[in-house]
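J.: Provided below for reference: sequence and predicted model.
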Amino acid sequence: MINKMNRSMVAKSPEEKKMESLLNEAKDSEDLKNYAENLRKELSKIDIAFYSYRVKKVHSAVRSFRIAHYQKLEDIHDLFGVLVVVEDKKDIAKVANIIKKNLKDYEEYNLLTEKDWIEQKEERKKQDNKEEKNISMYDKILADLKKIIANTETLERVLPPLSDIIVAKIPMGDKEIPVEFRIQDKNGFQIIEAYYFTLYKNDELDPKMKGPLLFLVLQLLNRKNQLDTNKNLSISEREELINQIGDLYQYNFNLLCANREVISDVWREYVKISAKYALQLPVYDFHFFGVKEKTDEDIMEIIDKDLDKLYEEYKSFDIRDIDTDKYVEDAIKMLQIEALV
């Protein structure tokens, strides 16, 4: 796994230390484990591709708290996280309804339209339902996203697009802990996770560069994912997507070239996630509360190194030249042989 997030941050201020104490308690909480496992059972009738939950790591929480300029513990919303990835995008609403019926108070943000949660809060306050005229829905979505992620001051507060997000608080002993439920389909999950640690959480990257790159990478991955996964595309539709990717490269060539190494990292994570999906392996740190957690991490580190090595045979600056299906096929063969050995 490529992770360029600063993991050295420690709690210092009173609010950060309160957050650390809450997280340490949450790691051993049977209440949280039971809540998440009961929810898993309730969702069992829906075709779930991936279900996981985790307590946020202290260094990650402190990092988010500082970069987002939060002042109070109550400002942070995702100390506990539940991820639900569905096979069929139509099931996202069903999952959301099941989650919401067990919550007293919550806020929901339909980020399937790629709008920032802060912006949606403001819209709720204004209760302005006026529709903008003469703007197509697709153009409006792109305009909204570009405006949001171009604002580097609030970038850390932007929730993952291509998701339905529910934020709430759930009981944990005599306390409450803020929880973020993220619901996506497989395609949305793969696109977002491919750049989550390589780009979005990359603390080695110039913050002013991050917003434009996020916007561009999302567009490139969205089109590449359609080419890889939508078997019903006509020849003309495939050609159109390929041409759109070419236009994105042409119009943003200097930005892409200046960040060639980061771009390669994103493409690498994209195909690796495809392989992990096919093999039903954990993706990043969404596999907590298990007695084999340490062993799993050790094994995944070995697998990640093997997948990285394999990627060198497929590596390309132009994402169109990466044969995702062949990479996955070769990855499965490689790991099956290693398992036999």
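T.: Perfect, I can see it now.

J.: rest of the way, CA atoms for contacts and neighbours
T.: Fine.

J.: mind showing which ranges of the protein have poor pLDDT?
T.: By pLDDT under 70, the low-scoring segments of the chain are 1-7, 112-160, 284-297, 339-341.

J.: Show me where it has its strands.
T.: 48-55, 80-86, 106-110, 164-172, 175-185 (DSSP state E).

J.: can I get those in TSV with mean neighbour count?
T.: Output for these, formatted as TSV (neighbours: other C-alpha atoms under 10 Å):
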stretch	mean neighbour count
strand 48-55	20
strand 80-86	21
strand 106-110	16
strand 164-172	19
strand 175-185	21
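
J.: want to try CSV for those, with distance to A194 as columns?
T.: Listed next are these as CSV, based on distance: least, C-alpha to C-alpha, whole Å:
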stretch, distance to A194
strand 48-55, 16
strand 80-86, 15
strand 106-110, 21
strand 164-172, 18
strand 175-185, 14
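
J.: Out of those strands, which gets nearest to E20?
T.: strand 48-55 (11.2 Å; C-alpha to C-alpha).

J.: Next, the angle strand 175-185 makes with that closest one.
T.: Interaxial angle, strand 48-55 versus strand 175-185 (axes from the mean of the first three to the mean of the last three C-alpha atoms, to 10 degrees): 150 degrees.

J.: CA-only coordinates of strand 48-55 in CSV, if you can.
T.: This file holds the C-alpha atoms of strand 48-55, laid out as CSV (Å, rounded to 0.1, in the frame of the first residue of the first chain):
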residue,chain,number,x,y,z
ILE,A,48,-23.0,-6.5,-0.4
ALA,A,49,-19.6,-6.6,-2.1
PHE,A,50,-17.6,-5.3,0.8
TYR,A,51,-18.5,-4.5,4.5
SER,A,52,-16.0,-3.3,7.0
TYR,A,53,-15.6,-1.0,10.0
ARG,A,54,-12.8,0.7,11.8
VAL,A,55,-11.8,3.0,14.6
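
J.: neighbouring strands for that strand, and are they parallel or not?
T.: Strands adjacent to strand 48-55 in the sheet, as given by DSSP bridges, are strand 80-86 (antiparallel).

J.: what angle do the partner strand and strand 164-172 make?
T.: Using the same axes, to 10 degrees: strand 80-86 against strand 164-172 is 140 degrees.

J.: can you list the residues that contact strand 80-86?
T.: 36, 46-56, 92, 177-186, 189, 286 (C-alpha atoms under 8 Å, 6 or more residues apart in numbering).

J.: Kindly recompute the last result at 6 Å.
T.: 48-56, 179-186 (C-alpha atoms under 6 Å, 6 or more residues apart in numbering).

J.: Any idea how many residues pack against R320?
T.: 16 (other C-alpha atoms under 10 Å).

J.: quick one: the helices in the stretch 1-150 of the chain?
T.: Counting by DSSP state H, counting those that start in this stretch, the stretch 1-150 of the chain has helices at residues 14-27, 30-42, 58-67, 92-100, 117-126, 137-149.

J.: Run the chain-centre distance for the longest one.
T.: By that I understand helix 14-27. Helix 14-27 has its average C-alpha position 24 Å from the chain's average C-alpha position, going by C-alpha atoms, centre = their mean, to the nearest Å.

J.: And the shortest one, by the same measure?
T.: Per C-alpha atoms, centre = their mean, the displacement of helix 92-100 from the mean C-alpha position of its chain is 19 Å.

J.: could I get it in PDB with only the CA atoms?
T.: Output of helix 92-100 as PDB, limited to C-alpha atoms (Å, rounded to 0.1, in the frame of the first residue of the first chain):
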ATOM      1  CA  ILE A  92     -27.200   2.300  -2.000                       C
ATOM      2  CA  ALA A  93     -30.600   3.900  -1.000                       C
ATOM      3  CA  LYS A  94     -31.700   0.600   0.500                       C
ATOM      4  CA  VAL A  95     -28.600   0.400   2.700                       C
ATOM      5  CA  ALA A  96     -29.000   4.100   3.700                       C
ATOM      6  CA  ASN A  97     -32.600   3.500   4.800                       C
ATOM      7  CA  ILE A  98     -31.600   0.500   7.000                       C
ATOM      8  CA  ILE A  99     -28.800   2.500   8.600                       C
ATOM      9  CA  LYS A 100     -31.000   5.600   9.300                       C
END
